[in-house]
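Q: Make a model of this:
(2 chains)
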2 protein chains.
Amino acid sequence: MSIFVKPIMRLVNEFSKLPGVGKRTATRYAYKVIEMTDADVESLILAIRDVKENVHYCDACGNFTEKDTCEICTTRSENIICVVKDPKDVATIEKMQTYRGVYHVLHGTINPLANISPNDIKIRELLARIKDTTEEVIIALSPDVEGDATSMYINRLLKPLGVKVTRLAQGISIGQDIEFADEVTLAKAMIDRKEL
Amino acid sequence: MSIFVKPIMRLVNEFSKLPGVGKRTATRYAYKVIEMTDADVESLILAIRDVKENVHYCDACGNFTEKDTCEICTTRSENIICVVKDPKDVATIEKMQTYRGVYHVLHGTINPLANISPNDIKIRELLARIKDTTEEVIIALSPDVEGDATSMYINRLLKPLGVKVTRLAQGISIGQDIEFADEVTLAKAMIDRKEL
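A: Residues are numbered from 1 along each chain as shown, chains lettered A, B, ... in the order given. Okay, here's the model as predicted:
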């Protein structure tokens, strides 16, 4: 006999597919579902279905939207484009509430080891968005090997078009003690030091 | 404008109701749902609905089951009853694969501070299960204030009926270094020391 009855085992299995969820956490979630009211379970199911049916990629920037073109693309100037890897990065930057340009979601970064080439991510779509009015392309990719490679690749494509390409500053985090900064970050912060 | 489109916000909100899930984790789950295949989303929804519709408490022991009486209660001798707080504890003990008796789920422990009295948990139902053939009641409640109070209460009720009442041994964990055992556990292990 198995430890759990079949419906519980099945739900544990389904919850385990969520990112970072192991059997133990999935079991806690399954038990919670059993104890939820019928109305709460229905609204969870409706919310899952709603997201799956009504959320898709924006025609222009590749971010998630309910419409054809997302609210950011329809309401803001396209002169400044911020390039990010995933839709979740759009949410992260929006949280600052200071950036007023549009976004372009690459849906990945160049990674030869994982067989992801420039053609597998939305770089062609980014090029198609560059117009005479484009003032700046801000690359907001993580400072790792893939992010660096993708940034360089995009820079090489856009520079000949006369577009200003920038990348988020790398250095010591605000509030971080220098003692605890890793050497690579510290070296980078030293090279990029700013005159006061 | 909000950072997320409405369906995402709604699902993040729903996922946040799961135990230990904050906004950030809920957001990761919601993004995962968007990227799942339609079939995967459907099977998640079906599993949630299945658990909610078909899993309920066993008539006899209070554990989760699909039937009226759970498989453990119908297939095992009722002479030994293991008393636990929650259905998840049944799964924990079953994992050992050595216990062959039945269970009794209290669905809580006595806790005057949270206004949970003996009448609020399934103690009356436990008493009703005690027969002449009952050999032993094993109390498998956590060794905390509520577990201790509940154990003592049950023991006081069952002793006059001539039932043997035992409780899981408390002491140092197997493989744990004595250096890292807390003083209370160590003191308890000292008192309960066993002759070799």
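Q: dump the residue contacts of the spatially most central residue of chain A.
A: Central residue of chain A (Cα atoms, centre = their mean): A:Asp86, 2.5 Å from the mean position. Listed by Cβ atoms under 8 Å, 6 or more residues apart in numbering or on different chains, the contact set of A:Asp86 reads A:105, A:107, B:31. For glycine as for every other residue, the C-beta is placed from the backbone atoms N, C-alpha and C.
Q: Could you rank these by neighbour count and give me the top one?
A: In terms of neighbours by other Cβ atoms under 10 Å in any protein chain shown, the contacts of A:Asp86 top out with A:Val105 at 24 neighbours.
Q: Could I get the pLDDT score of that residue?
A: At A:Val105, the model reports a pLDDT of 96.
Q: got the phi/psi numbers for it?
A: In terms of degrees, to the nearest 10, the main-chain angles of A:Val105 are phi -90, psi 120.
Q: Who's the closest spatial neighbour of A:Phe4, skipping the chain neighbours?
A: Closest residue to A:Phe4 apart from its sequence neighbours, by Cβ to Cβ, 6 or more residues apart in numbering or on different chains: B:Ala91 at 6.3 Å.
Q: Please look at that neighbour and A:Thr27 and confirm they touch.
A: Yes: checked against Cβ atoms under 8 Å, the pair B:Ala91 and A:Thr27 is within contact range at 7.2 Å.
Q: What helices and strands are in contact with the lowest-mean-pLDDT helix or strand in chain A?
A: Ranked by mean pLDDT, DSSP states H and E, the weakest helix or strand in chain A is helix A:183-191, scoring a mean of 84. Helices and strands in packing contact with helix A:183-191 are not found; criterion 3 or more Cβ pairs under 8 Å, 6 or more residues apart in numbering or on different chains; DSSP states H and E.
Q: circling back: now, among the contacts of A:Asp86, which is nearest to A:Glu135?
A: Comparing these against A:Glu135 with Cβ to Cβ picks out A:Val105 as the nearest, at 19.8 Å.
Q: Tell me what the closest one is bridged to.
A: Beta bridges link A:Val105 to A:Val84, judged by DSSP bridges.
Q: ok, it - contacts?
A: A:57, A:61-63, A:84-87, A:89-90, A:122.
Q: Mind doing that once more with 7 Å?
A: A:61-63, A:84, A:86-87, A:90, A:122 (Cβ atoms under 7 Å, 6 or more residues apart in numbering or on different chains).
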